[in-house]
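1. I'd like to go over a predicted model; first the sequence, then the structure.
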Amino acid sequence: MTSSAIKRSFARRIDAGRKRKMVETSGIATWMDLFDEEQHFQRIVVKRALHSPLLLNSICALTTKQLSLLDGKWATQAQSTASTYYGEALHHLIATLGDPRSNPVPIAETLAATILLSSYELLVCPGMDHRRHVSGALTLIRTHGCNAASGGMAGAAFWVYVRQDVAMALVHECPTMLAPEEWCVSWTMPEERDDCLGNQMVWLLAKVVGYTYDKSNAAAESGAQKESLKNDLRSWYESLPLHFKGMDIGLATAEAGGRMFFAIPSTGELYFFIAMGLDIPGLTSSAAAMCTYHLAHILLLAEGRNAAPVIDLESQAQLNAHAQRILTVCSSSTSDGALVQAVQALYLGQYLFPQGSCPKH
């Protein structure tokens, strides 16, 4: 190998390390890999970006856009830089989709880049119709048959898409764009992998969201569907390994809430392991999954935020109990990726619990 080739190789390694560190520490890839023990976005996508201008510019656009949201003297410059990266990424994406023979890019890379760019667009225009942002990814998923059974980067990107879909459906009070029946899920029972348990819960939440905001069902059919969803949630919870549920390590009081400990490999005392320099996959999955589980119950009990004022006292007590569990998880040593997932429940809580009625924590 020549001297110049060695220098280029060394420069690429340094560049890859910087990009990976930037993505990991910013929290973006941490959330995307929330229920992915193989950590495709933190490990595989960043490596592929060295040889893919589409992925490289998509990563830089999203990461820089997130940095621009921070207060400080770099915010304005970061915003301008993010727009430049976004424009370049969009140019490569249009070229790839318009003439795939001249611009051959694996569908997994194209889908991952589309997910990154739709995330960028959601940060730029959060108040606009979310369908405009995620429709491109949905088209790719349907055209190329990507689903829950897909492996590798395509499968990882699919699960990121459906989590975005569920989050936006909660905000806009509508069923998901990709119905859970189209996900092609196939679960192993009992499931032992933490990331698969988390993805199961995302699928169940999507079904609950569809039930909650689909007003076309007849009363009798709706009641049967609600009982079926309750049974599904109960079966999921009862099948969990003990370490996944977490353990209470402090009693809640009027002044402060309790805390929970999640054992390895699901969440654990995350900051301890970071301080020790240990990289343990799946550290965030169970805490986020448990928040999602309690959120699903809250939706079933309240049947959407508009029905909350008229539910009975027993249901209100259950509602408070599930809300308390979410707050307890969030008050524990939980990673940023898991807290992002918990924001969905906190968003809904502002409507279900008027000021002064929320459980004390």
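-> Noted; the coordinates are in hand.

2. Give me the phi and psi for M247.
-> Here is the backbone geometry of M247 (degrees, to the nearest 10): phi -130, psi 130.

3. can you list the domain ranges for this structure.
-> 1-176, 187-361 (automatic domain parsing).

4. Name the helix or strand for the nearest residue to F244 once chain neighbours are set aside, please.
-> Using CB to CB, 6 or more residues apart in numbering and skipping the chain neighbours, the partner closest in space to F244 is S286 (4.6 Å). C-beta: built from backbone N, CA, C; applies to glycine. Secondary-structure element containing S286, defined by DSSP states H and E: helix 285-302.

5. Show me what that helix is packed up against.
-> Contacts defined by 3 or more CB pairs under 8 Å, 6 or more residues apart in numbering; DSSP states H and E place helix 285-302 against helix 194-213, helix 219-238, helix 242-245, helix 313-330, helix 336-352.

6. Please identify which of these is closest to H92.
-> Of all the helices and strands packed on helix 285-302, helix 336-352 sits nearest to H92, with 27.5 Å by CB to CB.

7. now, of the helices and strands packed on helix 285-302, which is deepest in the fold?
-> Using mean count of other CB atoms under 10 Å, the stretch among the helices and strands packed on helix 285-302 with the largest mean neighbour count is helix 194-213, at a mean of 23.

8. And it, what does it pack against?
-> Using 3+ CB pairs under 8 Å, 6+ apart, the elements in contact with helix 194-213 are helix 152-172, helix 219-238, helix 285-302.

9. Would you mind writing the CA trace of the first one as CSV?
-> What that stands for is helix 152-172. In CSV, the C-alpha atoms belonging to helix 152-172 read as follows (Å, rounded to 0.1, in the frame of the first residue of the first chain):
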residue,chain,number,x,y,z
GLY,A,152,-30.4,-6.5,8.6
MET,A,153,-30.5,-2.8,8.0
ALA,A,154,-33.8,-3.0,6.1
GLY,A,155,-35.5,-4.6,9.1
ALA,A,156,-34.0,-2.1,11.5
ALA,A,157,-35.2,0.8,9.3
PHE,A,158,-38.7,-0.7,9.1
TRP,A,159,-39.0,-0.8,12.9
VAL,A,160,-37.8,2.8,13.2
TYR,A,161,-40.4,3.8,10.6
VAL,A,162,-43.3,2.1,12.5
ARG,A,163,-42.2,3.7,15.8
GLN,A,164,-42.4,7.1,14.0
ASP,A,165,-45.7,6.2,12.5
VAL,A,166,-47.1,5.3,16.0
ALA,A,167,-45.7,8.5,17.6
MET,A,168,-47.3,10.7,14.9
ALA,A,169,-50.6,8.8,15.1
LEU,A,170,-50.7,9.6,18.8
VAL,A,171,-50.1,13.3,18.2
HIS,A,172,-52.6,13.6,15.3
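
10. Give me the buried positions along it.
-> 153-170 (16 or more other CB atoms under 10 Å).

11. Alright, that wraps it up for me.
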